[in-house]
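[1] pasting the structure only:
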């Protein structure tokens, strides 16, 4: 006679990445699973290293603007703005008011571009290809506005230390306002899709939970943090450019799941439309550039609110016309620490959309791993200073 006993499920470690169909950029996840449930999760960055920080040390102040634009194509205006704001703070430069308003217009157009791009990717990750095609079709309206204003769809090359390189023509600003009407229609539709569509509901509601306490503990920022009730936004907390002169609301959602992070982004697009309309209609007259004086030695940390969250840049100037140090801290670098909390107790099939819900940019997290004798080790600050 045999006694039947309950069979225990075994935990299995599953590696995902650094190259995987579900990942847009290289990153490695180690998931410990029981059946289809994720028990623990860990990640490893460092597969994309371009040496941005070191390259900045070989360029002058103007050349570094264009280098910072290439930290991320989708956030090029934000990275170059954070850098120029830092240098301008050290130089105590006076920025023309018209330039401040136009910088806001570019930053919010870029936010719309990023959020609509993300909405399409999210649709693809959950198997909703119609949502992807619709979102990217609407994204073309903002891309057309950016191209009309700057001549480029990405890497706009408009920031300068002291303002902007070019003023924008009235007819191009009027065209941008018309494009905002089309974007607002898209926002109204996307809000319905992300809140009422049954497919989105099944794949997003209650998935990838990040509680308010875990969001605070992991220092989540941007839409990732605000979707868990963390009310932080550099545009409100530490106003820059002309944001304190415009009327707009910070979008904060409390549910903390993938659906909440989607809703936060879509609703932010509506706020960006509101900001752009105000900035163009209240645009002051005058120049867009004022030549700053000599840039003294100094250091500062400047921050802007990128589409993914707070983008902080440490800028240090020295003697001569060269940047001594420029260290960007992109929002993905902060938000990645929230992913293990989101993946805990999640289904293995939901991992791609949970990771995508923070809108990650691995190349923004510029890192290099030092391997000696087959083992990874940490490089000290003293050793880093000696490297050339």
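    Here it is on my side, so go on. Note that this is a predicted model, so its numbers are computed, not measured.
[2] Look up the closest residue to residue 378, ignoring the ones flanking it.
    Take residue 378 and drop its neighbours on the chain: the residue closest to it by CB to CB, 6 or more residues apart in numbering is residue 370, 7.8 Å away. (Glycine included, C-beta is placed from N, CA and C.)
[3] do the same with residue 187
    residue 270 (4.6 Å).
[4] Surely the one you found is in contact with residue 184?
    Yes: counting by CB atoms under 8 Å, residue 184 is a contact partner of residue 270 at 6.8 Å.
[5] out of those two, which sits in the busier spot?
    residue 270 (20 against 14; other CB atoms under 10 Å).
[6] which sections of the chain are below the confidence cut-off?
    1-9, 366-369, 387-388 (pLDDT under 70).
[7] packing partners for the longest helix along it?
    Longest helix of the chain, by residue count under DSSP state H: helix 97-125. With contacts taken as 3 or more CB pairs under 8 Å, 6 or more residues apart in numbering; DSSP states H and E, helix 97-125 sits against helix 76-91, helix 129-150, strand 163-164, helix 170-196, helix 258-281, helix 351-356.
[8] Go through whichever helix or strand residue 214 is part of and flag the buried ones.
    Per DSSP states H and E: residue 214 is located in helix 212-217. By 16 or more other CB atoms under 10 Å, the buried positions in helix 212-217 come out as 214, 215.
[9] chain center to it, what's the gap?
    19 Å (CA atoms, centre = their mean, to the nearest Å).
[10] Give me the contact list for the helix or strand just after that helix.
    Following helix 212-217 in sequence order, the next helix or strand is helix 222-226 (DSSP H and E). Defining contact as CB atoms under 8 Å, 6 or more residues apart in numbering, one finds that helix 222-226 is touched by 210, 215, 232-233, 250-253, 261, 264-265, 268, 305-310, 331, 335, 338, 357-359.
[11] And for residue 113, the neighbour number?
    A count of nearby residues for residue 113, using other CB under 10 Å, gives 26.
[12] My error: substitute residue 182 in the last question.
    Residues lying near residue 182 (other CB under 10 Å) number 16.
[13] burial count for the nearest residue to it once chain neighbours are set aside?
    Spatial nearest neighbour of residue 182, chain neighbours left out: residue 141 (4.7 Å); criterion: CB to CB, 6+ apart. For residue 141, the neighbour count with other CB under 10 Å is 20.
[14] Just confirm residue 315 is within a strand.
    Yes: counting by DSSP: H, G, I helix; E, B strand; the rest coil, residue 315 is found in a strand.
[15] Looks like it contacts residue 87 (just checking).
    Yes: with contact defined as CB under 8 Å, residue 315 counts as touching residue 87 (6.0 Å).
[16] So for the two, which sits in the more crowded spot?
    When residue 315 and residue 87 are compared for neighbours, residue 315 comes out ahead with 28 against 25, by other CB under 10 Å.
[17] now that one, nearest residue through space, not along the chain?
    Ranked by CB to CB, 6+ apart and with sequence neighbours excluded, the top spatial neighbour of residue 315 is residue 86, at 3.5 Å.
[18] now swap in residue 195 and tell me
    Excluding its sequence neighbours, the residue lying closest to residue 195 (CB to CB, 6+ apart) is residue 263, at 6.5 Å.
[19] for the stretch 251-388 of the chain, what spans make up the helices?
    258-281, 331-335, 339-343, 351-356, 381-386 (DSSP state H, counting those that start in this stretch).
[20] The first one packs against which elements?
    Here helix 258-281 touches helix 97-125, helix 170-196, helix 198-204, helix 222-226, going by 3+ CB pairs under 8 Å, 6+ apart.
[21] and residue 32, what element?
    strand 28-34.
[22] ok and the helix or strand following that strand relative to strand 28-34, angle-wise?
    Sequence-wise, the next helix or strand downstream of strand 28-34 (DSSP H and E) is strand 37-44. With axes from the mean of the first three to the mean of the last three CA atoms, to 10 degrees applied, the angle from strand 37-44 to strand 28-34 works out at 160 degrees.
[23] Only the buried residues of strand 37-44, if you could.
    Buried residues in strand 37-44, counted by 16+ other CB under 10 Å: 38, 39, 41, 43, 44.
[24] can you list contacts of that strand?
    11, 27-33, 336, 339-340, 343-348, 351.
[25] what about 10 Å?
    9, 11-18, 26-33, 336-337, 339-348, 350-351, 354-355, 360, 367, 369, 376 (CB atoms under 10 Å, 6 or more residues apart in numbering).
[26] from the middle of its chain, how far away would it be?
    The chain centroid and the centroid of strand 37-44 are separated by 23 Å, computed with CA atoms, centre = their mean.
[27] is it true that residue 300 touches residue 325?
    No: applying CB atoms under 10 Å, one finds residue 300 not in contact with residue 325, separated by 11.1 Å.
[28] Now the common contact residues for these two.
    314, 315, 316, 317.
[29] now these in JSON lines, with distance to residue 172?
    Output for those, formatted as JSON lines (distance: CB to CB, whole Å):
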{"residue": "314", "distance to residue 172": "35"}
{"residue": "315", "distance to residue 172": "31"}
{"residue": "316", "distance to residue 172": "37"}
{"residue": "317", "distance to residue 172": "34"}
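[30] quick one: which of the residues you listed has the most company?
    Within the shared contacts of residue 300 and residue 325, most neighbours by other CB under 10 Å means residue 315, with 28 neighbours.
[31] residues contacting that one?
    56, 61, 64, 68, 82-90, 298-302, 323-328.
[32] among the residues you listed, which ones are buried?
    Among the contacts of residue 315, the ones that count as buried by 16+ other CB under 10 Å are 56, 61, 64, 68, 82-90, 298, 302, 323, 326, 328.
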